[in-house]
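In: what's the 3D shape of this:
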Amino acid sequence: MGLFDKLFGKKEKQTLDEGLQKTKESFFTRVGKAIAGKATVDEEVLDNLEEALVSADVGVDTTIRIIDRIEKRVARDKYLNTSELNVILRDEIEQMLLESGAGSVRNFEVPARKPYVVLVVGVNGAGKTTTIGKLAYNFKKAGYSVLMGAADTFRAAAADQLSIWSDRAGVPIVKQGMGADPASVAFDTVQSGLSRGTDVIIIDTAGRLHNKTHLMEELSKIKRVMKKLIPDAPHEVLLVLDGSTGQNALEQARHFTAATDVTSLAITKLDGTARGGVVLAIASQFKIPVKYIGVGEKIEDLLLFDSHEFVDSLFKQALA
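Out: The predicted model follows:
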């Protein structure tokens, strides 16, 4: 079985650096203003840094945790100058990401069980369909057979859009007409995957339902019919969030984690926004591993999330 041999080769690192350009420019403009003209890290610097982090969409709760960690470093080391602050800030952010489980996936590889069923959830417009297509492409590139299921039957164009991505990725798709029972599509997809001996099944779901109760009932029904064929399916529930929406992405995460057991995250559209700091907020608050990030429109622009490389790209401008 082929693997994504080197998580961040030169090409992947360049893609990540370019994708985070807007975020790091905004981030360090704010951090730079917070420490301008100061020789040591004092209470005023920490207050300014706190404001800068919140403004960079890191979020209040996550910012408080970061500031608390830095205060403890200052108290322990007694004297800390502002030139050291970037290094300490970088260390603390990376540690927080690692503690959340973010970046623990090292390649596009799935467990030995066959098929491995991934249920993909998220609001319409978050990049869900695009992420499924890119994910299918990467699994196929890694040597797996892949099957898509178009279980978002509420939106007229959903199945058509997923069909376009199935063509691009070169993987088959199971779909029915608009208004069909999503659980029926999911059942047919899993059944087809079993008969084909498919390695990975990726199933799309509706991104806009009437309310949280309706969402929960629909996802629960999809899971129940899957379990008739594979008792422990789905093996992964991937929530796709639009990173360009900043704090709205946090609200989406709260909504979906309340409705179903989300096990992994994909954060998209980071290349077109200065709000990439929301990755830190999401990972820190929900303790759900960030597995993938979208940093461009091309089919190759879905990257495995690596905590160290993400922070390295974020801080490269400041440390260069």
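
In: excluding chain neighbours, what is closest to the spatially most central residue of the chain?
Out: Geometric centre of the chain, nearest residue: A266, 2.1 Å, by CA atoms, centre = their mean. Distance criterion CB to CB, 6 or more residues apart in numbering; nearest residue to A266, sequence neighbours excluded, is Y292 at 4.0 Å. Where you see a C-beta, it was placed from the backbone N, CA and C, and this is true even at glycine.

In: check Y144 too.
Out: D199 (4.0 Å).

In: what is the least confident helix or strand in the chain by mean pLDDT packed up against?
Out: Least confident helix or strand, the chain: helix 307-319 with a mean of 76, by mean pLDDT, DSSP states H and E. Using 3 or more CB pairs under 8 Å, 6 or more residues apart in numbering; DSSP states H and E, the elements in contact with helix 307-319 are helix 10-19, helix 21-35, helix 85-99.

In: repeat the analysis, applying 6 Å as the threshold.
Out: Here helix 307-319 touches helix 21-35, helix 85-99, going by 3 or more CB pairs under 6 Å, 6 or more residues apart in numbering; DSSP states H and E.

In: got these as CSV, with mean neighbour count, distance to E309 and mean pLDDT columns?
Out: As requested, the helices and strands packed on helix 307-319 are exported to CSV (neighbours: other CB atoms under 10 Å; distance: least, CB to CB, whole Å; pLDDT from 0 to 100):
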stretch, mean neighbour count, distance to E309, mean pLDDT
helix 21-35, 18, 13, 81
helix 85-99, 18, 10, 86
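
In: just put the ones you listed in CSV and tack on distance to R224.
Out: Below are these laid out as CSV (distance: least, CB to CB, whole Å):
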stretch, distance to R224
helix 21-35, 40
helix 85-99, 34
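
In: among the ones you listed, which is nearest S166?
Out: Of all the helices and strands packed on helix 307-319, it is helix 21-35 that lies closest to S166, at 31.0 Å by CB to CB.

In: how about the CA coordinates for that closest one, as PDB?
Out: What follows is helix 21-35 as a C-alpha-only set of coordinates in PDB (Å, rounded to 0.1, in the frame of the first residue of the first chain):
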ATOM      1  CA  GLN A  21       0.600  34.300   3.900                       C
ATOM      2  CA  LYS A  22      -2.500  36.500   4.700                       C
ATOM      3  CA  THR A  23      -2.800  35.100   8.200                       C
ATOM      4  CA  LYS A  24       0.800  35.500   9.200                       C
ATOM      5  CA  GLU A  25       1.000  39.000   7.800                       C
ATOM      6  CA  SER A  26      -2.100  40.000   9.900                       C
ATOM      7  CA  PHE A  27      -1.000  38.000  12.900                       C
ATOM      8  CA  PHE A  28       2.400  39.600  13.200                       C
ATOM      9  CA  THR A  29       1.200  43.100  12.400                       C
ATOM     10  CA  ARG A  30      -0.900  42.800  15.500                       C
ATOM     11  CA  VAL A  31       1.700  41.100  17.700                       C
ATOM     12  CA  GLY A  32       4.300  43.600  16.500                       C
ATOM     13  CA  LYS A  33       2.100  46.500  17.700                       C
ATOM     14  CA  ALA A  34       1.600  44.800  21.000                       C
ATOM     15  CA  ILE A  35       5.300  44.800  21.900                       C
END
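
In: how far off helix 85-99 does it point, in degrees?
Out: Inter-element angle recorded for helix 21-35 and helix 85-99: 130 degrees (by axes from the mean of the first three to the mean of the last three CA atoms, to 10 degrees).

In: sorry, back to before: D242: which of the helices and strands packed on helix 307-319 is closest?
Out: helix 21-35 (14.1 Å).

In: neighbouring contacts of that closest one?
Out: Identification of contacts with helix 21-35 by CB atoms under 6 Å, 6 or more residues apart in numbering yields 45, 48-49, 52, 55-56, 82, 274, 276, 314, 317-318.

In: next SSE downstream of it?
Out: Next helix or strand after helix 21-35 toward the C-terminus (DSSP states H and E): helix 43-55.

In: V58: neighbour count?
Out: 26 (other CB atoms under 10 Å).
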